[in-house]
Structures are given as C-alpha cells and as structure tokens.
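[1] with the sequence up front, the predicted model follows.
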Number of protein chains: 2
Amino acid sequence: MTLITTNTGMTMKTRDKILLSSLELFNDKGERNITTNHIAAHLAISPGNLYYHFRNKSDIIYEIFQEYEKLVDYYLDIPEDRPITLEDMTFYLESVFDGLWSYRFFHRDLEYLLDSDPRLRQDYREFTNRCLAAINRIFAKLADAGIIQPQPEDLRSAMSLNVWLVITNWMAFLKTAHAAEEPASLSLTELKQGIYQVLTLEVPYLTPEYRERVLALREKYRPTLPEAQGVSGVEA
Amino acid sequence: MTLITTNTGMTMKTRDKILLSSLELFNDKGERNITTNHIAAHLAISPGNLYYHFRNKSDIIYEIFQEYEKLVDYYLDIPEDRPITLEDMTFYLESVFDGLWSYRFFHRDLEYLLDSDPRLRQDYREFTNRCLAAINRIFAKLADAGIIQPQPEDLRSAMSLNVWLVITNWMAFLKTAHAAEEPASLSLTELKQGIYQVLTLEVPYLTPEYRERVLALREKYRPTLPEAQGVSGVEA
DNA sequence: GACTGCCTAGAGTATATACTCTAATAATAG
DNA sequence: CTATTATTAGAGTATATACTCTAGGCAGTC
C-alpha cells in the first residue's frame, strides 16, 4: 500500500488521494473536462489502480458528494435548546459559503450529475430539503430572537427557498460575470459578497433593535470595487 | 435545396432546421448528451451536410444564444415615455420565464459553454448586464408608479441581482427537486411558480395601495400541490 | 447542353473516454 | 518462510465524438 505524507504529517491511502485529487481537478477544470485517466495521470498512478479503488467515475463523485453533505449537515445543525444570535447567523453563512467553495464543481454540473446517478439524485433531493428546512428554522429562530419580524409560515418558506436559490447560484453568477479566465480572481472576498446578497433578502424584515447591527454586518461583505461585479456601473 | 413545410405553411432551409432541431434536442436531453451526429441523424441528413452549414457545434450554440438574446431583449424593452403598470410587470415576468423555458438548455450548461467559447462569454456578460439594468429600471419605475416603496440605489441594485439569481436558477431547482425523470412533469404551472418566488422578493416593499393587488397576483402563481415542491411538507 | 454555385451523402479519421484484463509486486497472517 | 490477500502497473479495447474529404446531384443561366 503506497502512502503519501500530507502537510499535517499524516499518511494517506491511495483511495483518499484519488478522492482528494479528483475534487481538486473537478473544482479547477470542471468535472466535464476531467476524465478518470486525467485523475490517474495527475496522481502518477495507473488507470487500473484507480479502477481497483472505484468502480467508475460516478462512484468517485458520489463519495465526494457524501463528504460535502456531511460537512454542510454538520454546520447547519441548528441548536434546539437556546436562542440564535447574530454571531450564529454569521457563522452559518460563512460556513455554507466555505462549503460551496470547497465543492464548487458540484453545483456547476449538477443537472448532468443527477441525471447520470439515481442515488445521487435521491440523496441530493433529501439534502436540499434538509437545507431548506434548516434555513426555515434559522428564520424562525431569528424571529424568536427579535432580530427579524415574524412572518407567516408560507412567506417564510418562500423566503427560505429564495435564500437557497441565491446561495447555490452565487458562484455560477460570479464565474459567468467574469470577462476572462482568471482562476485566482475568484477570491474569498468575491465569494463572500454572496453573504451580502443573502443579507439583502433579510433587510426589509429586520427589527428596529437589530437593524443597524445587521446592516453594519452586511456592509462588511459589500462588493468593494465595481470592476468585477458588472452591476454597479451598468448603462442602458 | 431541400425545404420542409412547417405548420404555418412556410418552408424552412436546412440551416434553420439544424438550429431548430438542435435547440429541441439540447432542451430535451441536455447539450452535453447531444452530438453533432445526433442532430444530423435526427434530421436524417448527413454529418457532412451539417458541417457544410456550421463550422462546429459551438457555432450552432452561439447562434441559438443570439436568438435567445434577441427574444429577451425584445421583451425587456422598458418604455421610457410612460409609467409602468402591474400588467407590464406581469408581462415581463411571464415573458422572461417563457424565454427561459424555450432556451432552457442554455443555463444548464452555462459555465462549460462560456469556457468553450470566448465570444459567447463576452456576449453573455453583456446580456447579463442588460438584464440587470432592465430589472433595475423596472424597480425604479414600480417605485415611480407607487407600487413599491422607493429604495436607495445600492439596495435596488442588490435586489435586482437577487431577482436575476432567482430567475436564472429557478429551472435548475425544479429539475433537481424532482425525484425521477418525468420530462412532461416540468409543466408550465411549475415554471410559473418562479414568478411566485420573484414576487416574494417584492412583498416587503409593496405600498399599502397596491399590496393587496400584488398579493392576489402572486397567489395565482402559488405552488398548488406540495408533492413536487419538496419545500412545504418538510420535516426536520 | 454545358457551366456554375449551392447543397448533400456517406465513408472515413484522429483523438478521447471510460473502463478491462493480466500479470506482477507488496503487505500481512499464520 | 509460505500462503493469501491487497495493491499496482500498464497494455489494451470498444465505443463515441467532432469533424474532414471526396464525389456527386440539382437548379438556374447562357
């Protein structure tokens, strides 16, 4: 068994190296552009070796998805026993966008991936529902905490869905809004402007007591330069 | 020159047949799953014939995009000389979602398409900016008409961007929210629930005079059954 | 009827993709 | 040490994909 040493001093099995490299390559070049042969070549292992560990490409993707799922589920574990704070909300937003970044290839080719793997389709559906439920619960607890005004259930559900749509589509928007290929330019700063967009959804519902604090928080994520955005300086 | 007869009694050149069939196949099966050979076979013409009319697959896609662009630009032509009405807004929303439906393959593989064709990337970027500007202008005129409360420019921009994100991601959400492959199940009704989501964004900004009318309009697009949605009946 | 310009068929091709198969090498258990 | 199991290399393959090339048909024109 070949082991490599990571920067943490831990050793890693070939199987894990495949998962790690696949994720890295998928994120960088897009799942569509990365074949199993590419992955093997990148790791300097043989195709046969790769196929010893995974039956096919779908299985690799499925396992990466399960990691992603686990990560998000872990972060979106809303406490039942105590009220929610602004710091909690910030943490949720930051975590979700970090996860989105780490597994950004996934949403890019989502429809194709779901079409090719029924397991994934089923799991992703349930994953979406859990996320929507979590967002819903966060809204409910934000209202309990007096941060936003309480809203009827159906409005809250529709709002949650909008939050989900903004979050999952933000990365794609950034990528398509860029003029050329500047991989490094998709920075953390730009990513976090997604938080600005999400908080924009909350603005009209803020209570007078918290309004200024949330607006100040939102301000921290405001797009700084008009260059990359393409929204601000737009002409008819 | 081979001509076919359409249901309008008009004749169509091979070139146009290729564009039409490509769009149909892309929408049905996804661009990724449709090769130039598939398109030729579907039309019962030879690959050589197809390549006589188009240099490559990218050129076909690029021309389809230009049709899409033209259509949306046509519908999003905001009148300068008169105030906007609720009927106008409904028309804009219906038109945009109809366009989204007719060219739905496009947003599905957007990132890959833009990566493969610099022309398309550039044009799409400008298209996005025009759409965002149009949404922005609609909001401004809705405020002028006393339908929504006026908002500062930066909030309006952020709201416009959120509207854009919801609109462009709605179809993808529907597709991924479905359990199995039921092509016919993606009905007009479900599509138009996207309008419900967009109007949800406007709800908190409605003026008292128009509030009830817009809420009633929104109600017409509300998801009727909880089955396909996956949002309503969600449990923690 | 011959010439010309558009259009079409259909065989063919270079490359890529996902994956298989066999044999050999390490690791581990007894 | 030996038997077994786990891992790996690397050549190979069936199929697909995007596209090319040559030959020819068909319509109009003189």
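    Right, received. Where do you want to start?
[2] with adjacent residues omitted, what lies nearest to the residue sitting nearest the centre point of chain A?
    Geometric centre of chain A, nearest residue: A:Leu100, 1.7 Å, by C-alpha atoms, centre = their mean. Nearest residue to A:Leu100, sequence neighbours excluded (C-beta to C-beta, 6 or more residues apart in numbering or on different chains): A:Met171, at 5.9 Å. For glycine as for every other residue, the C-beta is placed from the backbone atoms N, C-alpha and C.
[3] need the residues that contact stretch A:70-90.
    Applying C-beta atoms under 8 Å, 6 or more residues apart in numbering or on different chains, the external contacts of stretch A:70-90 come out as A:91-92, A:95-96, A:99, A:102-103, A:127, A:130-131, A:134, A:137-138, A:141-142, A:144-145, A:147, A:210, A:213-214, A:217.
[4] and that stretch, end to end?
    20 Å (C-alpha to C-alpha, to the nearest Å).
[5] host element of the residue nearest to A:Leu100?
    helix A:153-177 (DSSP states H and E).
[6] what's the next secondary structure element after that helix?
    Following helix A:153-177 in sequence, per DSSP H and E, is helix A:188-202.
[7] mind saving the C-alpha coords of that following helix as PDB?
    Provided in PDB are the C-alpha atoms of helix A:188-202 (Å, rounded to 0.1, in the frame of the first residue of the first chain):
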ATOM      1  CA  LEU A 188     -12.700  34.800  -1.000                       C
ATOM      2  CA  THR A 189     -13.800  38.400  -1.000                       C
ATOM      3  CA  GLU A 190     -16.000  37.900  -4.000                       C
ATOM      4  CA  LEU A 191     -17.300  34.700  -2.700                       C
ATOM      5  CA  LYS A 192     -18.400  36.400   0.500                       C
ATOM      6  CA  GLN A 193     -20.300  39.000  -1.500                       C
ATOM      7  CA  GLY A 194     -22.800  36.200  -1.700                       C
ATOM      8  CA  ILE A 195     -23.400  36.900   2.000                       C
ATOM      9  CA  TYR A 196     -24.200  40.500   1.100                       C
ATOM     10  CA  GLN A 197     -26.800  39.200  -1.300                       C
ATOM     11  CA  VAL A 198     -28.400  36.900   1.300                       C
ATOM     12  CA  LEU A 199     -28.500  39.600   3.900                       C
ATOM     13  CA  THR A 200     -30.100  41.900   1.300                       C
ATOM     14  CA  LEU A 201     -33.100  39.500   1.500                       C
ATOM     15  CA  GLU A 202     -33.400  40.000   5.200                       C
END
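[8] quick one: contacts of the helix or strand that it is followed by?
    Per DSSP H and E, the first helix or strand lying C-terminal to helix A:188-202 is helix A:208-219. Applying C-beta under 8 Å, 6+ apart, the external contacts of helix A:208-219 come out as A:Leu86, A:Thr90, A:Gly146, A:Ile147, A:Ile148, A:Ile195, A:Tyr196, A:Leu199, A:Thr200, A:Glu202, A:Val203, A:Leu206.
[9] give the closest residue to the residue in chain A positioned nearest to DNA strand C in space, chain neighbours not counted.
    Relative to DNA strand C, the nearest point of chain A is A:Thr35 (2.6 Å; C-beta to the nearest atom of the strand). Distances taken as C-beta to C-beta, 6+ apart put A:Lys57 closest to A:Thr35, at 7.7 Å, once the chain neighbours are dropped.
[10] same check, this time on A:Leu93
    A:Ile195 (4.8 Å).
[11] and what of A:His107?
    In space, A:His107 is closest to A:Thr168, 5.6 Å off (C-beta to C-beta, 6+ apart).
[12] that neighbour and B:Val166, how far apart?
    11 Å (C-beta to C-beta, to the nearest Å).
[13] which two in the contacts of helix A:208-219 are spaced the farthest apart?
    A:Gly146 and A:Tyr196 (22.9 Å; C-beta to C-beta).
[14] those two: who's more crowded?
    Higher neighbour count among A:Gly146 and A:Tyr196: A:Tyr196, with 19 against 13, using other C-beta atoms under 10 Å in any protein chain shown.
[15] residue contacts, the more buried one?
    Contacts of A:Tyr196 by C-beta under 8 Å, 6+ apart are A:Arg218, A:Tyr221, A:Arg222, A:Pro223, B:Ala158.
[16] from DNA strand D, how far out is the residue nearest to the centre of chain A?
    29 Å (C-beta to the nearest atom of the strand, to the nearest Å).
[17] over to A:Ile34?
    16 Å.
[18] confirm for me that that residue is in contact with A:Phe26.
    Yes - in this structure, A:Ile34 is within contact of A:Phe26 by C-beta atoms under 8 Å, at 5.7 Å.
[19] between these two, which has more neighbouring residues?
    With neighbours defined as other C-beta under 10 Å, A:Ile34 and A:Phe26 compare such that A:Phe26 has more, 23 against 20.
[20] wait, is the more buried one part of a helix?
    Yes - assessed with DSSP: H, G, I helix; E, B strand; the rest coil, A:Phe26 lies in a helix.
[21] thinking it is in contact with A:Leu113, fair?
    No - the pair A:Phe26 / A:Leu113 is not scored as a contact, 10.3 Å apart, by C-beta under 8 Å.
[22] what do these two both touch?
    A:Ile61, A:Phe106.
[23] and A:Asn37, how many neighbours?
    With other C-beta under 10 Å as criterion, A:Asn37 counts 11.
[24] to clarify, my last question referred to A:Pro118.
    A:Pro118, neighbours per other C-beta under 10 Å, totals 12.
[25] so which of the contacts of A:Tyr196 comes closest to DNA strand D?
    For the contacts of A:Tyr196, the nearest to DNA strand D is A:Pro223 (36.5 Å; C-beta to the nearest atom of the strand).
[26] wait, that closest one sits on A:Gly194?
    No - look at A:Pro223 against A:Gly194 with C-beta under 8 Å: they stay out of range, at 10.4 Å.
[27] identify the residues contacting A:Arg15.
    Contacts of A:Arg15 (C-beta under 8 Å, 6+ apart): A:His53, A:Phe54.
[28] tell me which element the residue of chain A at minimum distance from DNA strand D falls in.
    Closest contact between chain A and DNA strand D, by C-beta to the nearest atom of the strand, is at A:Gly48 (1.7 Å). In the assignment (DSSP H and E), A:Gly48 maps to helix A:47-53.
[29] residues near the nearest residue in space to A:Pro47 that is not next to it in sequence, how many?
    In space, A:Pro47 comes closest to A:Ala40 once its chain neighbours are excluded; the distance is 4.9 Å by C-beta to C-beta, 6+ apart. By the measure other C-beta under 10 Å, the count of residues near A:Ala40 is 18.
[30] A:Ala40 and B:Phe91: what is the separation?
    54 Å.
[31] and for A:Ala158?
    22 Å.
[32] and A:Ile39, what is it in contact with?
    A:Ile18, A:Ser21, A:Ser22, A:Leu25, A:Leu50, A:Ile60.
[33] if you rank these by neighbours, which is first?
    Busiest of the contacts of A:Ile39 [other C-beta under 10 Å] is A:Ser22, holding 25 neighbours.
[34] for chain A, which residues are neighbours of DNA strand C?
    Taking C-beta under 7 Å from any atom of the strand as the contact definition, chain A meets DNA strand C at A:1-2, A:33, A:35-38, A:47-48, A:51, A:55-58.
[35] can you rerun that using 6 Å?
    A:Met1, A:Thr35, A:Thr36, A:Asn37, A:Pro47, A:Gly48, A:Tyr51, A:Asn56, A:Lys57 (C-beta under 6 Å from any atom of the strand).
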